[in-house]
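Participant: structural data only, the sequence is not supplied:
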């Protein structure tokens with residue numbers, strides 16, 4: 001749900017029984033995400049018995065009177081841009097897009113426009129303000145040079161439902177990756193924590209046990225070539241550059257990944273051979289997961305066919 005055009009004030013009575021302030025508000029005001037509720041508390045927009053709430057995790061005993069002041073939406077600096085989108089699925093809650101390589105997902109330093117979010121705002125203006133002004137509707141991310149499926153939420157309730165699936169790792173994310181070399185086994189599971197590379201902060205790296213964040217990837221071989229292997233990779237976490245870091249860690253870097261792999265690509269590709277091919281989600285209002293697919297884009301299909309032609 002987008003923010004109201006004018007300030008809106010909610011008055012709530014807390015029922016008996018102890019509970020956290022933010023959890024109570026998320027349940028009582030489902031039109032706002034938990035992140036939005038926590039931001040309102042932090043910004044001093046929530047009163048408990050006419051006193052400013054101290055923190056999101058403040059304990060309630062029961063019987064308190066709450067006042068939540070939701071300020072009017074601030075003008076967004078994000079501009080809708082009529083950039084064509086390859087829409088794979090859309091309903092009132094969700095937009096699933098096959099993102100092309102080279103498109104940045106959201107505005108950031110050096111990329112203020114022509115992003116997926118700018119295009120989505122033109123395609124579905126109702127996502128403005130969903131989950132925040134800077135990255136409306138965003139549920140997960142893809143690297144600029146990774147193509148494939150990405151889901152956007154069109155309202156706060158959908159965003160919460162989708163984010164919960166990514167956080168609980170029930171969302172299925174399958175990628176196709178062509179790598180240099182052959183992995184030691186045709187299929188395997190990589191469990192190695194990932195964190196910011198202390199030697200080069202713009203890169204990520206596998207960290208020593210006890211450092212970094214848990215990351216799990218599973219792969220299986222789909223096709224083998226003399227010097228390359230086509231893998232299907234499922235990730236069970238969502239760390240930055242996870243697949244690229246994990247495959248480089250097992251000495252099979254993604255082809256044309258000049259950050260974690262060979263500086264001179266082994267094949268004439270202008271970007272890494274990594275494509276988000278399948279996405280499995282339970283859509284809001286449904287009980288069974290749906291799986292969405294996106295075929296390999298032409299540049300990757302061409303590279304693969306050239307390998308097959310070599311025999």
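Facilitator: Structure received. The structure presented is a predicted model; accordingly, all values stated were derived computationally and were not measured.
Participant: residues near residue 302, how many?
Facilitator: Neighbourhood size, residue 302 [other CB atoms under 10 Å]: 12. All C-beta atoms are positioned from the backbone trio N, CA, C, and that covers glycine.
Participant: with residue 28 instead?
Facilitator: With neighbours defined by other CB under 10 Å, the count for residue 28 comes to 16.
Participant: find the nearest non-adjacent residue to it, please.
Facilitator: Ranked by CB to CB, 6 or more residues apart in numbering and with sequence neighbours excluded, the top spatial neighbour of residue 28 is residue 12, at 5.4 Å.
Participant: could you do residue 171 as well?
Facilitator: Beyond its immediate neighbours in the sequence, the residue positioned closest to residue 171 (CB to CB, 6+ apart) is residue 165, lying 4.2 Å away.
Participant: buried sites along the strand or helix carrying that neighbour?
Facilitator: Here residue 165, judged by DSSP states H and E, is contained in helix 156-167. By 16 or more other CB atoms under 10 Å, the buried positions in helix 156-167 come out as 156, 157, 158, 159, 160, 161, 162, 163, 165, 166.
Participant: on that earlier part again, I figured the residue nearest to residue 171 was touching residue 281, is that so?
Facilitator: Yes. Between residue 165 and residue 281 there is a contact at 6.0 Å, judged by CB atoms under 8 Å.
Participant: find residues that contact each of those two.
Facilitator: In the contact map built from CB atoms under 8 Å, 6 or more residues apart in numbering, the residues linked to both residue 165 and residue 281 are residue 171.
Participant: tell me the pLDDT of residue 113.
Facilitator: Among the per-residue scores, residue 113 shows a pLDDT of 85.
Participant: and if you look at residue 282?
Facilitator: Reported pLDDT at residue 282 in the predicted model: 97.
Participant: burial of the nearest residue to residue 236 once chain neighbours are set aside, as a residue count?
Facilitator: The spatially closest residue to residue 236, leaving aside those adjacent along the chain, is residue 216, at 4.2 Å (CB to CB, 6+ apart). Using other CB under 10 Å as the criterion, residue 216 is surrounded by 17 other residues.
Participant: and residue 104, by the same measure?
Facilitator: The burial count assigned to residue 104 is 21, neighbours taken as other CB under 10 Å.
Participant: and it, what element?
Facilitator: Take DSSP H and E as the rule and residue 104 turns out to sit in neither a helix nor a strand.
Participant: and what of residue 47?
Facilitator: For residue 47, the element it lies in under DSSP H and E is strand 46-48.
Participant: who does that strand pair up with?
Facilitator: Taking DSSP bridges as the criterion, strand 46-48 forms sheet pairs with strand 51-52 (antiparallel), strand 65-70 (antiparallel).
Participant: and residue 94, what is it in contact with?
Facilitator: Residue 94 makes contacts with 151, 152, 153, 154, 158, 162, 281, 283, 284, as judged by CB under 8 Å, 6+ apart.
Participant: and the strand holding residue 47, how far out from the chain's middle?
Facilitator: In terms of CA atoms, centre = their mean, to the nearest Å, the centre of strand 46-48 is set 32 Å apart from its chain centre.
Participant: would you mark the buried spots in it?
Facilitator: Buried positions in strand 46-48, judged by neighbour count with 16+ other CB under 10 Å: 46, 47, 48.
Participant: with stretch 177-184 instead?
Facilitator: Residues of stretch 177-184 classed as buried under the neighbour-count rule (16+ other CB under 10 Å) are 177, 178, 179, 180, 182, 183.
Participant: which residue is the nearest non-sequential neighbour of the last one?
Facilitator: It stands for residue 183. Beyond its immediate neighbours in the sequence, the residue positioned closest to residue 183 (CB to CB, 6+ apart) is residue 252, lying 5.1 Å away.
Participant: pLDDT score for the one you found?
Facilitator: 98.
Participant: just the one 4 residues further on next, same as before
Facilitator: Listed pLDDT for residue 256 reads 98.
Participant: host element of it?
Facilitator: Using DSSP H and E, residue 256 sits within no helix or strand.
Participant: hang on, isn't it packed against residue 274?
Facilitator: No. The pair residue 256 / residue 274 is not scored as a contact, 9.1 Å apart, by CB under 8 Å.
Participant: with neighbour numbers in mind, choose between these two.
Facilitator: Of the pair residue 256 and residue 274, residue 274 is the one with more neighbours under other CB under 10 Å, namely 27 against 24.
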